[in-house]
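Peer 1: I'll drop the sequence and a predicted model, then ask my questions.
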Amino acid sequence: MAQSRQRSERRPASGRNQNVERGNGGELHQLAEGETPVLTTALGTPVSDDQNTLKIGERGPSLIEDSHFRDKIFHFDHERIPERVVHARGYGAHGYFETYESLAKYTRADIFQRAGEKTPVFVRFSTVAGNKGSFDLARDVRGFAVKLYTKEGNWDLVGNNIPVFFIQDAIKFPDLIHAAKQEPDRDFPQAQTAHDNFWDFISLMPESMHMIMWIMSDRAIPRSFRFMQGFGVHTFRFVSADDESTFVKFIWKPKLGMQSVVWNEAVKINGADPDFHRRDLWEAIQSGNFPEWELTVQLFDQDFADSFDFDVLDATKIIPEEILKPIPVGRLVLDRMPDNFFAETEQVAFMTQNVPPGIDFSNDPLLQGRNFSYLDTQLKRLGSPNFTHLPINAPKCPFAHFQQDGHMAMRNPVGRANYEPNSWGMGPREDPQRGYRSFADAEQGQKVRLRAESFADHYSQARLFFNSQTPPEQRHIVMALTFELSKVQTPAIRERMVSHLLNIDEALAATVADKLGIRKMPSPADAAVPPRDDLEPSPALSIINNGPESFGGRKVGVLVSDGVDAALFEQLRTAVEKEGAVMEVVAAKVGGVDAADGTQIEARHMIDGGPSVLFDAVVLMLSEPGAELLAKEAAAKDFVSDAFAHCKFIGFTSGAEALLAKAGVDADADEGLIRLESNKTAEKFVQACRKLRLWAREAAVKL
Ligand code: HEM
């Protein structure tokens, strides 16, 4: 019953006549009739009045015998469960994984045996540091957690959109997260690392420097979940039917290419639409534009691992794609939103230790610690060992075991046997062939608390990352570091960070020091291993170098006024749709505008609620009087000046020049300003947008 109600709530309000009554105090009573279900308590007792508690007389005290009220309030009082201690804010979707070719040579994992096999998945994207109600465009790592419901059990690939991590050993995780989250005495800032505690910890943790380069880069402010990569981070193992092991790293690559926003834009999006990323995913999936990623794997053996001077067990290191090419092995398509956010996205329990036969762990000490932590945290958060009974967590393949009882047990053994071995002839029984076998690696050594020397190079790959970025991306890293460290109030912490940057790139360190007003340059931090300066840059690490070459999946915001040319508007719409992009109309009034030929153009946003930061490119389709009127509105001027400052492509009709001028934008400033006069120019504009941004403008606008 509840489900059918939820479904009907997705339809727009119909405004149909309903069976309503006015109560004694003027309150509204909506009454069940026809097929409308009767409201009941949780135990099914029909409810006669859901507007008034049971009282003695109309103005008298309430009665504790009002079991309907108690049932309702009791349940409401218990609606909240603890939010995740990290990755609290997240958004998920269902879909499937399709295997390209059999990987039987490397792994016995059932999911990789047959070309064309489709496996159901649930994916949850998240930010790490912010609370559940924080904003989407925090500068942060994004979680990229994938649950694959394989025919031999659930496989949770609990990754991030960044391929490395802050720390090498899981024992430091609580310290890292304590330092990153709100400071405990004041409980701010939330969803931000721009504070003393975080940078104090980081500046004392040189192993985090590679990760710092990534989170200060544009990777940490993605434009959409749909436009970011995902990484399993650690080295895992594939294990074949013959028990041969191959090391594997997992990388998800978005079909629509990578794209990020700029920081100034992120700050404004957080105000304009704190749900920017979740709304984006919701709208894409609901409109049938299903986002897609390709799963690629880097496969290697022990000899290859030994050829590096870093350790493949160290989660602060990558194997550059130019050295080991990722092989595409399948695709992930997200095509369905959850029916209920809480039941699915909130209750989904990811655990790194959930791997099917054929997939195994390496000795990465971060991964080993995670394998312990996730089961523990799910029990705390979901409150019962029976969280695997929840539909979102239950396997979709047959399963049978003797676990029983516990809070909220929904599946219990049937029959007499609830143990094995038993002589009742009742299963389930173990299966040495099909069953999970850990890779029988030979391990020996003393029990020690010791970090391997092969983990000691903290700077070379940080330098590799920085050197692999394009100039605009390097500038953004400088700006991010400057911004974050400018919020740090303790000069010694700022200086300690600059001393680390000196080991990464001297010019980077010098610029950050200058922007922070540090007069005397500190000495470089004492490096455990001298940083290498002979690593070839890896172009695969740049977002800009790996753009989409299409405007597909992106969004144009069209600011319109009365008197606009309807034919040109339709031509633009056709060109945008042909590209696979979306167009949203912004106007002075949400009711829309009257075009010159008398037709009406509906608007999705009123100008105050539709700033240009919500779009990838903008068009000013205005009549002269329309532009004159809008030029008086601050929001309209910001629409234009922000789009320009954020290096976006701006299409405009000749009538729009008054608004451009008022916004301080020269209509001939650069090739990113495109006059729209005919069908051809509409197409030319959309083609120009494929570059996403005109980075050449950046020097002029000082982002
Ligand atoms: C490579 C490093 C790591 C990655 C990629 C990673 C990724 C993730 C992701 C994606 C989630 C959110 C899952 C979801 O959407 O529900 C998550 C949650 C979590 N992670 Fe990690 N994590 C890492 C390191 C660690 C470590 C070292 C620990 C602890 C030793 C840890 C403990 C947790 C906990 C406790 C949660 C909350 C789980 C929940 O309540 O559902 N993580 N992690």
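Peer 2: Looks like it came in fine. Residues are numbered from 1 along each chain as shown.
Peer 1: In this protein, what residue comes closest to the ligand?
Peer 2: For the chain, the residue positioned closest to the ligand under C-beta to the nearest ligand atom is residue 143, at a distance of 2.8 Å. Where C-beta positions appear, they are placed from N, C-alpha and C, glycine not excepted.
Peer 1: hang on, that residue is in a helix, isn't it?
Peer 2: No. Read with DSSP: H, G, I helix; E, B strand; the rest coil, residue 143 is strand and lies in no helix.
Peer 1: Spatially nearest residue to it (excluding sequence neighbours)?
Peer 2: Nearest-residue entry for residue 143: residue 126, 3.6 Å, with adjacent residues in sequence omitted and distances by C-beta to C-beta, 6 or more residues apart in numbering.
Peer 1: Run me through the strand neighbours of whichever strand or helix holds the one you found, direction for each.
Peer 2: If you go by DSSP states H and E, residue 126 is part of strand 118-127. Sheet pairing of strand 118-127 (DSSP bridges) gives strand 90-99 (antiparallel), strand 142-150 (antiparallel).
Peer 1: quick one: contacts of stretch 591-603?
Peer 2: 560-567, 569, 585-587, 589-590, 623, 626 (C-beta atoms under 8 Å, 6 or more residues apart in numbering).
Peer 1: one more time with 7 Å
Peer 2: 560-566, 569, 585-587, 590 (C-beta atoms under 7 Å, 6 or more residues apart in numbering).
Peer 1: do stretch 66-85 as well
Peer 2: So stretch 66-85 is contacted by 41-42, 47, 53-54, 131-132, 377, 380-383 (C-beta under 7 Å, 6+ apart).
Peer 1: Equivalent analysis for stretch 363-374, please.
Peer 2: 165, 167-171, 173, 234-235, 313, 315, 350-353, 361.
Peer 1: do stretch 98-109 as well
Peer 2: In this structure, residues lying in contact with stretch 98-109 by C-beta under 7 Å, 6+ apart are 111-118, 238-241, 246, 299, 328-331, 356-359.
Peer 1: which residues does the residue nearest to the spatial centre of the chain contact?
Peer 2: Nearest to the mean C-alpha position of the chain, by C-alpha atoms, centre = their mean, lies residue 125 at 3.8 Å. Contact criterion C-beta under 7 Å, 6+ apart gives 90-91, 142-144, 225 as the residues in contact with residue 125.
Peer 1: Just the buried ones from these?
Peer 2: The neighbour count (16 or more other C-beta atoms under 10 Å) marks 90-91, 142-144, 225 as buried among these.
Peer 1: Go through those and say which is closest to residue 524.
Peer 2: residue 142 (31.6 Å; C-beta to C-beta).
Peer 1: show me the contacts for that closest one.
Peer 2: So residue 142 contacts 125-127, 160-161, 222, 228 (C-beta under 7 Å, 6+ apart).
Peer 1: tell me which parts of the stretch 351-500 of the chain are close to the ligand?
Peer 2: 366, 369-370, 373-374, 377-378, 381 (C-beta under 6 Å from any ligand atom).
Peer 1: So which of these wins on neighbours?
Peer 2: residue 366 (23 neighbours; other C-beta atoms under 10 Å).
Peer 1: distance of that one from residue 313?
Peer 2: Here the criterion is C-beta to C-beta, to the nearest Å. By it, residue 366 lies 9 Å from residue 313.
Peer 1: returning to that earlier point: how about the buried ones among the contacts of residue 125 in CSV, adding pLDDT?
Peer 2: CSV is the format used below for these (pLDDT from 0 to 100):
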residue, pLDDT
90, 98
91, 98
142, 98
143, 98
144, 99
225, 98
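Peer 1: Pull the most distant pair out of those residues.
Peer 2: Most distant of the buried ones among the contacts of residue 125, by C-beta to C-beta, are 91 and 144, 11.6 Å apart.
Peer 1: now what about stretch 435-453, what contacts it?
Peer 2: So stretch 435-453 is contacted by 168-169, 237, 239, 243, 245, 311, 357, 360 (C-beta under 7 Å, 6+ apart).
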